[in-house]
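Q: got a sequence here, can you build the structure:
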Amino acid sequence: MKENKITITNDKGRLSKDEIERMVNEAEKFKDEDNAHRDRIQAKNGLEAYCFNMKSTVDDEKMKDKITEEDKKTIVDKCTETLSWLDANQSATKEEFEHQQKELEGVCTPIITKLYQAAGGAPGGMPGGMPGGMPGGMPGGMPGGMPGGMGGDAAPNAGGGAGPTIEEVD
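A: Sure, this is the predicted structure:
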């Protein structure tokens, strides 16, 4: 008995197994490059945003009487210098952008920290501070210490930190 087998395949317009495999391999190869590119762009955008945030902070009407002209000029000049560097170095590496941001933060953070300490705390605290402060301190201290902070017997600055930290939130 003779048997004939006919197989009909529709390969028209389809990718072969080899082509699919090649495309998957290319995607894997470029994935790392894409991630590195994304990280570089995020570092660049972060630096640019930090510059504009700092400039708008020191130009804010509410800050005018709290920041010295010298401190304001220091921040604005450093931000302008950094933005000029950014314009001239659009294709810099992620590490170069991060280095520029660290340099800028090194100039801005101490001034902004001093500014908020002088303003009586972080923004969103008590608008206008406490008029007249707290005459006589807090009678009886803070009952039970400060939650999550220093207990009643802790020495000042025993928290180990070097003062408040400022974090940028997008």
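
Q: from here on, contacts and neighbour counts on C-alpha atoms
A: Will do.

Q: Ser16 - how many residues pack around it?
A: When counting by other C-alpha atoms under 10 Å, one arrives at 10 neighbours for Ser16.

Q: now do Ala118
A: 12.

Q: ok, now Cys79?
A: Around Cys79 there are 25 residues (other C-alpha under 10 Å).

Q: for it, which non-adjacent residue is closest in space?
A: Spatial nearest neighbour of Cys79, excluding adjacent residues (C-alpha to C-alpha, 6 or more residues apart in numbering): Cys51 at 5.2 Å.

Q: doesn't Ser84 make contact with that neighbour?
A: No - between Cys51 and Ser84 there is no contact under C-alpha atoms under 8 Å: 10.9 Å.

Q: which of the two has more residues huddled nearby?
A: Cys51 (24 against 11).

Q: in contact with that one, which residues?
A: Cys79, Thr80, Thr82, Leu83 (C-alpha atoms under 8 Å, 6 or more residues apart in numbering).

Q: neighbour-wise, which one of the residues you listed leads?
A: That'd be Cys79 among the contacts of Cys51, by other C-alpha under 10 Å, with 25 neighbours.

Q: element containing it?
A: helix 69-88 (DSSP states H and E).

Q: residues of that helix that come out buried?
A: Asp71, Lys72, Ile75, Val76, Lys78, Cys79, Thr82, Leu83, Leu86 (16 or more other C-alpha atoms under 10 Å).

Q: the one helix or strand Asp32 maps to vs helix 69-88, what angle?
A: In this structure, Asp32 is located in helix 17-59 according to DSSP H and E. Relative orientation of helix 17-59 versus helix 69-88 (axes from the mean of the first three to the mean of the last three C-alpha atoms, to 10 degrees): 160 degrees.

Q: state the mean pLDDT of helix 17-59.
A: Averaged over helix 17-59, pLDDT sits at 91.

Q: got it, and stretch 95-102?
A: For stretch 95-102, the mean pLDDT works out to 94.

Q: could you do stretch 75-88 as well?
A: On average, the pLDDT along stretch 75-88 is 94.

Q: from the rest of the structure, what touches that stretch?
A: Residues from elsewhere that reach stretch 75-88 (C-alpha under 8 Å, 6+ apart): Lys44, Glu48, Cys51, Phe52, Met54, Lys55, Val58, Gln100, Leu104, Val107, Cys108.

Q: with that, I have no additional questions.
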